[in-house]
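A.B. asks: Need the 3D shape of this:
(4 chains)
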Protein chains: 2
Amino acid sequence: MNDRRTRIVEAATDLICRNGFQQTSVDDVIREAGLCGKAHFYHYFKSKEELGYAVVQHRFEQFAEEGLSILRDPMVDPLERLDRFIDAEVASQAEQDCRGGCPFGNLVTEMADAHEGFRQRLATVFERWAGQLQSVLWEARPQLRDDADIARMARFIIATLEGGLLMSRVTRDVTHMEAIAGDLKRFIAAQRRETPAVSVGP
Amino acid sequence: MNDRRTRIVEAATDLICRNGFQQTSVDDVIREAGLCGKAHFYHYFKSKEELGYAVVQHRFEQFAEEGLSILRDPMVDPLERLDRFIDAEVASQAEQDCRGGCPFGNLVTEMADAHEGFRQRLATVFERWAGQLQSVLWEARPQLRDDADIARMARFIIATLEGGLLMSRVTRDVTHMEAIAGDLKRFIAAQRRETPAVSVGP
DNA sequence: TGACGCTAAGACTGGTCGGTCTTATTGTTG
DNA sequence: CAACAATAAGACCGACCAGTCTTAGCGTCA
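C.D. replies: Predicted coordinates for the structure are as follows:
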C-alpha cells in the first residue's frame, strides 16, 4: 500500500533532517521505519536520491502546514502575521536547543552544488516560501511605502532567518537568533508608510 | 619539514571547501598534495578531524587576509569600507558561479551539531569575523545613531550575508545575493545619525 | 663495500555504504 | 494436498573509508 511508502518517507524525513542526507543510510531508514526489507524499499524508491526528493516534498508540506500557515490566518493583520511567523521561527530554534537549523538550508549546503536534482527541488521550496511571504506583503501593501519591493523583501526575510539560524546554531545561543530576528522586524517596520494610508470615502 | 604539513593543509582546504569535510577522504588529500604516503600523513595529523581543525584555521587566515582586510584599510571611511566588504562578498559569489557558499557556514551546517570540536572552532571564527565588523562600526560611531547596537549590527550583517549566499546558491542567481546585499546596505544606512555629528572646536 | 637505521609508499584491516539477488514464507487455486 | 504466484527478509557484492602495518629503498657510517 501507499501509506507504507508514506511511513518510510516520514521515518526518512526525521533521520535526514536530523543527520543530513549523506549521513543517513538506507539501512538506517529501513530500521527506523521497521516495516520492510531492503529489496522492498527499492520497490518503492528507484534510488536513495529518489527518497531524498520525497523527503524534501514531505518536509515542505509539513512546513506549509505548521509554519507557513501562520502567514495565512485571515483574522490577523498581515504585518502582525509576519511578526508572528518570525517569532515562531525563533521559538522553534529555541525548542530544539539551537540544533538542526533549517532542513532546506541544510540540504542546499549539502547537496545543491553537486546534485542538480536536489538544487532544483530546493529552489522550488524557497520559491514557494517566498511566494507565501509575498502574499502577506501584498495584503499589507496599503501599510507599506510605495517604493517597497515586495519580492525583494520576501527574499531578504528568508535570507536573514536562514542566517540567524546558522549564527545561533554555531554559538548555541538563541539570543543571537532573537537579536537578528528583532533587527529583521525593525527592517520590515522601516518599510511602513510614514503617514498611514487614509481610506477616502465616496 | 613543517611546510610539508602546510602544503597538506592547503590541499585539504581546497578539497574540503569545495566538497565538504565528510565527502573529502584522507586519500583524496594525499593524492592532491602528492608528497607523502598515508602513514606519513598520520605523522602530521593525529586524525582526519585534526586536519579539519587545521583547515578551519587556515581558511580563516586566508579570509582575514583577502576578505576582512578590506575592513581595515585606514585610508577609507569606515562605513564605505563596510559597503566595499559587502560588495566583495557579492563579487566573490558571482566569480564562483554561485557555487560553494561560505566555507565556514558550510562546516557549521555539516559538523556543528555532531562535533563539538568543530562547533567551538567555528564559533571562534564567527566571533573574530564579528569582531572585525565591530571595530569598523566602532570607528564609524560618530556617524551612527546613539542607539545603534554595534555588536548586534555585526551579527546581523554576517547572518544576512550567509543567508544571501544560501539563497543565491540554491537559485544559482547572483542577482538574489545582490538584492539582499543591497537591502543590507540600506539597513546599515538606516542606522546613521539623521543629523550628522558636528565636530566642535575648542 | 657492507651493515644498519630511517622514511616513504601503499597494502591491508575491519567496517559501512548503495544496490541486487537468493531464499523463505505466505496465500491462492485446483 | 499440491503446484504456483507474490512478497518479504536479509545475505551478499563491489566500492570506499579511516587508520595501521609491512616492506622496499634510501642514505649514512665504518
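
A.B. asks: ok, the closest residue to residue A:145 other than its chain neighbours - contacts?
C.D. replies: Excluding its sequence neighbours, the residue lying closest to residue A:145 (Cβ to Cβ, 6 or more residues apart in numbering or on different chains) is residue A:193, at 5.2 Å. Where C-beta positions appear, they are placed from N, C-alpha and C, glycine not excepted. Residues near residue A:193 by Cβ atoms under 8 Å, 6 or more residues apart in numbering or on different chains: A:142-146.

A.B. asks: which bits of chain A sit near DNA strand C?
C.D. replies: Selection of chain A residues close to DNA strand C by Cβ under 7 Å from any atom of the strand yields A:24-28, A:38-39, A:42, A:47-49.

A.B. asks: if we go to 10 Å?
C.D. replies: Applying Cβ under 10 Å from any atom of the strand, we find that chain A lies next to DNA strand C at A:19, A:21-31, A:37-43, A:45-52.

A.B. asks: Buried ones among those?
C.D. replies: Neighbour counting with 16 or more other Cβ atoms under 10 Å in any protein chain shown marks A:19, A:21-22, A:24, A:26, A:29-30, A:41, A:45, A:48, A:51-52 as buried within the residues of chain A next to DNA strand C.

A.B. asks: hmm, the worst-scoring helix or strand of chain A on mean pLDDT touching DNA strand D?
C.D. replies: Sorted by mean pLDDT, DSSP states H and E, the helices and strands of chain A end with helix A:38-44, the least confident at a mean of 88. Yes - judged by Cβ under 10 Å from any atom of the strand, helix A:38-44 comes into contact with DNA strand D at A:38-44.

A.B. asks: any idea which helix or strand comes after that helix?
C.D. replies: helix A:48-66 (DSSP states H and E).

A.B. asks: Check what contacts stretch A:73-81 and list those residues.
C.D. replies: Residues contacting stretch A:73-81 (Cβ under 8 Å, 6+ apart): A:70-72, A:84, A:136-137, A:139-140, A:143, A:188, A:192.

A.B. asks: how far is that stretch from where the chain is centred?
C.D. replies: 19 Å (Cα atoms, centre = their mean, to the nearest Å).

A.B. asks: give me the subset of the buried ones among the residues of chain A next to DNA strand C touching chain B.
C.D. replies: Restricting those to those near chain B by Cβ under 8 Å from any Cβ of the partner chain leaves A:19, A:22.

A.B. asks: quick one: which of the buried ones among the residues of chain A next to DNA strand C is nearest to residue A:93?
C.D. replies: residue A:19 (18.0 Å; Cβ to Cβ).

A.B. asks: which SS state does residue A:94 fall under?
C.D. replies: Per DSSP: H, G, I helix; E, B strand; the rest coil, the local secondary structure of residue A:94 is helix.

A.B. asks: The residue nearest to it when sequence neighbours are not counted and residue B:113, how far apart?
C.D. replies: In space, and not counting its chain neighbours, residue A:94 is closest to residue A:174: 4.5 Å by Cβ to Cβ, 6+ apart. To residue B:113, residue A:174 is 15 Å away according to Cβ to Cβ, to the nearest Å.

A.B. asks: Can you pick out the residue with more neighbours from these two?
C.D. replies: Neighbour count, other Cβ atoms under 10 Å in any protein chain shown: between residue A:174 and residue B:113, residue B:113 has more, with 23 against 19.

A.B. asks: how about the CA coordinates for the longest helix seen in chain A, as CSV?
C.D. replies: Longest helix of chain A, by residue count under DSSP state H: helix A:116-139. The C-alpha trace of helix A:116-139 is given here as CSV (Å, rounded to 0.1, in the frame of the first residue of the first chain):
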residue,chain,number,x,y,z
GLU,A,116,21.2,19.3,-9.8
GLY,A,117,18.0,17.4,-8.9
PHE,A,118,18.2,18.5,-5.3
ARG,A,119,19.1,22.0,-6.3
GLN,A,120,16.0,22.4,-8.4
ARG,A,121,13.6,20.9,-5.9
LEU,A,122,15.1,23.0,-3.1
ALA,A,123,14.8,26.1,-5.3
THR,A,124,11.1,25.4,-5.7
VAL,A,125,10.8,25.1,-2.0
PHE,A,126,12.3,28.5,-1.4
GLU,A,127,10.2,30.0,-4.2
ARG,A,128,7.0,28.8,-2.6
TRP,A,129,8.2,30.0,0.8
ALA,A,130,8.9,33.4,-0.8
GLY,A,131,5.6,33.3,-2.5
GLN,A,132,3.8,33.0,0.8
LEU,A,133,5.7,35.9,2.2
GLN,A,134,4.9,37.9,-0.9
SER,A,135,1.2,37.2,-0.5
VAL,A,136,1.3,38.6,3.0
LEU,A,137,3.2,41.6,2.0
TRP,A,138,0.9,42.2,-0.9
GLU,A,139,-2.0,42.2,1.6
